[in-house]
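pasted the sequence and its predicted model underneath.
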Amino acid sequence: CGQAWAAMQELAEEGRLIERVAVFQKIGVSVDDTDDPFMVAVDKMKTYQRPDSLTLINAVRNLAGLRWMLKLAGMIQYEAWLPGAVAEQVGRLVAEEVNDVLAALMPEQETFIMAPELIGNVICAMQEREVCDFVPTGLKALDEMTGGGLVRGDFHILGGQPSMGKTTVAMEIARKTAIGSAGVLFISLVMSAHQTGVRLMASLLEVSSFAWAYLDLMRQVPAVADDPEFADIIRHAMAEAKIPLSFDIRSSATMADVQSAVRKAKHAVAAMGADLKLVVVDYLNLMTASGRYHGNKVQEVGEILRALKAMAKRDNVALLVLAQLNRQSTNQEGQAERPTMAHLRDSGEIEMHADTILFAFREAYNLERTTYEELSQQNQRKLRLCRNDLELIVAKKRMGRTGSVTLWCDLSKNVVKDHPYATSAREVA
């Protein structure tokens, strides 16, 4: 391979036509030897007069990719004919192989750059008024805190205990982003399609006069169907749902599954005239590693995080991944503590790879663990005041400030929005 490539470069530098006989002569291969795939590549490039290196690289890469695809076709046939073969398992194996091939075929990006050129690029961007490509979340307080929203190409983590509102926050960010005409993909590994649908419908209806708790919609209580304005409810929900928001709903996912969903979403939102800008994964702990580090949980999480971060940069999307907290986030009395990065499961890997780390925290969570009647008068009043408060803590921001914002939430209706009475964002030095 190296000899054939070197021979092509020499011919190009000499200004000679790159053809089979000339390459054979350079590397001393018999003219009768026509089985070498690189010789096929040479034949394909006969039409190129004085080709540059990029042309040669792309031509050889393309032919190598086609050769790999033919091998994959043979592998599929072999695996499918094996006794006891399962279509889903064969499909997953093929999907992983195809993704590896596609990754190898992607043009390599230039990674080396000198300081003058680096600063020159920044100056050019400033002169051309280019700014960092943010994806607004639709939550004004959070956008102000983060400098504009979620950055495209960055890897963002949203952590929190169960019932803190992580999924509600993520779905609302996805919905509000899509309303802003940006393409969004929401990968749900937690909920069924029906559960996801009713939660989305509840948040769509909340902005209208038809407000229903999503549990009521999920149970299909008679009151919903018997509502005299039921036809209007359906009409309103369908109208609000015409946004470039796509879903991929499954019980677990490998990186091959995520990359496949991203490709589908790109085409789906493009058909609606949108560009895919935000991908949400709910949630990290349900993703499946490749098996390379089987039994080593820290290494498996690290592999998944590296792959997710690389995908965010490659596809230029803001990637928001939900994550659970460890048991140390709850004290001996069963009360949830204010979360920190140390409370993230496998926190070392997450801290290292994430560009932004957010936490959802509700003070009402601890008060709601006790019946209202059993609370002291002071705690009853406290619960009434903070029942709809949801604090988003910005614990890490690679290119910005940290702090927290208070939002208004109604988790029963899957709604999160800017708080009408909240003070300005609190910044942490």
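On my side now, so go ahead. Residues are numbered from 1 along each chain as shown.

for the protein, longest helix please?
Ranked by residue count and defined by DSSP state H, the top helix of the chain is helix 53-81.

can you give the distance of that one from its chain's centre?
Taking the mean C-alpha point of helix 53-81 and that of its whole chain, the gap between them comes to 28 Å (C-alpha atoms, centre = their mean, to the nearest Å).

which helices and strands sit right next to that helix?
In this structure, helix 53-81 packs against helix 2-14, helix 37-44, helix 87-105, with contacts taken as 3 or more C-beta pairs under 8 Å, 6 or more residues apart in numbering; DSSP states H and E. Heads up, the C-betas are built off the backbone N, CA and C, glycines and all.

how about stretch 194-214, which residues are buried there?
195-206, 210, 212-214 (16 or more other C-beta atoms under 10 Å).

oh, I was asking about stretch 394-408
394-397, 400, 402-408.

of those, the lowest pLDDT goes to which?
Lowest-confidence member of the buried residues of stretch 394-408: G400, scoring 82 (pLDDT).

what about the nearest residue to A289 once chain neighbours are set aside, how many residues nearby?
Setting aside the residues directly before and after it, A289 is nearest to E300 in space (C-beta to C-beta, 6 or more residues apart in numbering), at 3.7 Å. Counted with other C-beta atoms under 10 Å, the neighbours of E300 add up to 20.

shouldn't E300 be in contact with M287?
No - taking contact to mean C-beta atoms under 8 Å, the distance of 9.1 Å between E300 and M287 leaves them out of contact.

any stretches of the stretch 151-300 of the chain with poor pLDDT?
207-211, 218, 220-227, 230 (pLDDT under 70).

now do 90
Counting by pLDDT under 90, the stretch 151-300 of the chain contains low-confidence residues at 162-163, 180-181, 194-195, 197-242, 252, 254-256, 260, 283, 285, 288-300.

show me where the stretch 201-350 of the chain has helices.
Across the stretch 201-350 of the chain, reading from the start of the chain, the helices by DSSP state H, counting those that start in this stretch fall at 214-219, 222-226, 230-240, 255-270, 297-315, 347-353.

of those, which approaches V151 most closely?
Minimum separation from V151 across the helices of the stretch 201-350 of the chain (C-beta to C-beta) falls at helix 297-315, 9.5 Å.

what helices or strands is that closest one leaning on?
The contact analysis (3+ C-beta pairs under 8 Å, 6+ apart) places helix 297-315 against strand 155-159, helix 255-270, strand 276-282, strand 318-323, helix 347-353.

format the ones you listed as CSV; extra columns: distance to I119 and mean neighbour count.
Formatted as CSV, the entries for those read as follows, by distance: least, C-beta to C-beta, whole Å; neighbours: other C-beta atoms under 10 Å:
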stretch, distance to I119, mean neighbour count
strand 155-159, 26, 27
helix 255-270, 33, 18
strand 276-282, 28, 25
strand 318-323, 26, 26
helix 347-353, 27, 17
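
L63 is nearest to which of these?
With C-beta to C-beta as the criterion, L63 lies closest to helix 255-270 of those, at 22.9 Å.

list the helices and strands that closest one packs on?
Secondary structure elements in contact with helix 255-270, counted by 3+ C-beta pairs under 8 Å, 6+ apart, are helix 87-105, strand 183-188, strand 245-249, strand 276-282, helix 297-315.

I'd assumed D355 was in contact with L305.
No - between L305 and D355 there is no contact under C-beta under 8 Å: 11.4 Å.

got TSV for the helices and strands packed on helix 297-315, with distance to L93 too?
Conversion of these to TSV gives the following (distance: least, C-beta to C-beta, whole Å):
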stretch	distance to L93
strand 155-159	27
helix 255-270	9
strand 276-282	22
strand 318-323	25
helix 347-353	27
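
thinking again about what came up before, what residues are shared contacts of L305 and D355?
Residues touching both L305 and D355 (C-beta atoms under 8 Å, 6 or more residues apart in numbering) are F155.

distance of R345 relative to A182?
Using C-beta to C-beta, to the nearest Å, one gets 30 Å for the distance from R345 to A182.

ah, wrong one, I meant W408
With distances defined as C-beta to C-beta, the gap from W408 to A182 amounts to 23 Å.

same thing with A323?
In this view, A323 and A182 are 23 Å apart by C-beta to C-beta.

then R292?
When R292 is compared with A182 (using C-beta to C-beta), they lie 34 Å apart.

which one of the two is surrounded by more residues?
When R292 and A182 are compared on other C-beta under 10 Å, the one with more neighbours turns out to be A182, at 25 against 9.
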